[in-house]
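1. Next one to model:
(one chain, ligands or ions: 1)
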Amino acid sequence: MEIKILDLHLKGALRNLRDSTNSNKGVVAACLISLPTRWVYATSERTDEGKYVHAERNALSKYLREYGDPLPNSVMITSISPCKYESKSRAGCSCIDLLLGKDKDFKDYGIRRLHAGILDNNSRNLVSYSDLGFDISVSEKPSIELACSNLREYFNPEIRGKVNIQEFIENALKGNGQIKAI
Ligand SMILES: [Zn+2]
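-> Just a heads-up that it's a prediction; the model follows:
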């Protein structure tokens, strides 16, 4: 699928994040798409236990409910590239292990194509995607990159917990005064 189309859906996923009325939503947006006519948008989400269901997991679950098994040419689109590391705050395994079928509740659906607004360059995430069998592209649009970088700021403990999440997301998607993001 062309990068232009993937970026359009990344924008759609970001708007869905902004417009979602789920009071438990996080700040990551995802879209799982397998055909020009078949896709779902999802967000990360805080559970009652205080853990986070990542947006990729929510997207895959939603896709399975709506369409059944994703086709092998599907693309997982995310505002920030999928996690590969151990995390105590996450519900379930890493999103890469999830896509590789290592979670007991999911199969390996052959999803190996990723598209992201920005790369998660967290020091815990440095193993390359290609070494794990994935092909990843990043957004070609500065406006999307800006919105996704703004959203990433939420992971800074100085910011998280001190802001209203809905206002934070709306501001992140507005850009920086020079570039209108989304
Ligand atoms: Zn993840």
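2. List phi and psi for the nearest residue to residue 139 once chain neighbours are set aside.
-> Nearest residue to residue 139, sequence neighbours excluded (CB to CB, 6 or more residues apart in numbering): residue 117, at 5.0 Å. Any C-beta I mention is one placed from the backbone N, CA and C, and that applies to glycine too. The phi and psi values for residue 117, taken as degrees, to the nearest 10, are phi -70, psi -40.
3. And the pLDDT at residue 117?
-> The per-residue pLDDT reported for residue 117 equals 97.
4. same question, residue 177
-> Residue 177 is given a pLDDT of 67.
5. Check residue 157 too.
-> Reported pLDDT for residue 157: 87.
6. just checking, what packs against the helix or strand where residue 96 lies?
-> Taking DSSP states H and E as the criterion, residue 96 maps to helix 95-99. Packing contacts for helix 95-99, counted by 3 or more CB pairs under 8 Å, 6 or more residues apart in numbering; DSSP states H and E, involve helix 55-67.
7. Which stretches in this protein count as helices?
-> 3-19, 55-67, 95-99, 142-152, 165-174 (DSSP state H).
8. May I see the buried residues of the last one?
-> With burial defined by 16 or more other CB atoms under 10 Å, the residues of helix 165-174 counted as buried are 165, 168, 169, 171, 172, 173, 174.
9. which ones are touching the nearest residue to residue 108 once chain neighbours are set aside?
-> The shortest distance from residue 108 to any non-neighbouring residue, by CB to CB, 6+ apart, is to residue 101 (2.7 Å). Residue 101 makes contacts with 107, 108, 109, as judged by CB atoms under 8 Å, 6 or more residues apart in numbering.
10. Quick test: name the residue nearest the centre of this structure.
-> Nearest residue to the geometric centre of the chain (CA atoms, centre = their mean): residue 78, 3.1 Å.
11. Confirm for me that residue 119 is in contact with residue 138.
-> Yes: in terms of CB atoms under 8 Å, residue 119 counts as a neighbour of residue 138; the distance is 6.3 Å.
12. Determine the residues that are contacts of both of these two.
-> Taking CB under 8 Å, 6+ apart as the criterion, residue 119 and residue 138 both touch residue 81.
13. Between those two, which is the more surrounded one?
-> Counted by other CB atoms under 10 Å, residue 119 and residue 138 do not tie: residue 138 has more neighbours, with 19 against 13.
14. Next one: that one from residue 69, what distance?
-> Going from residue 138 to residue 69 by CB to CB, to the nearest Å gives 27 Å.
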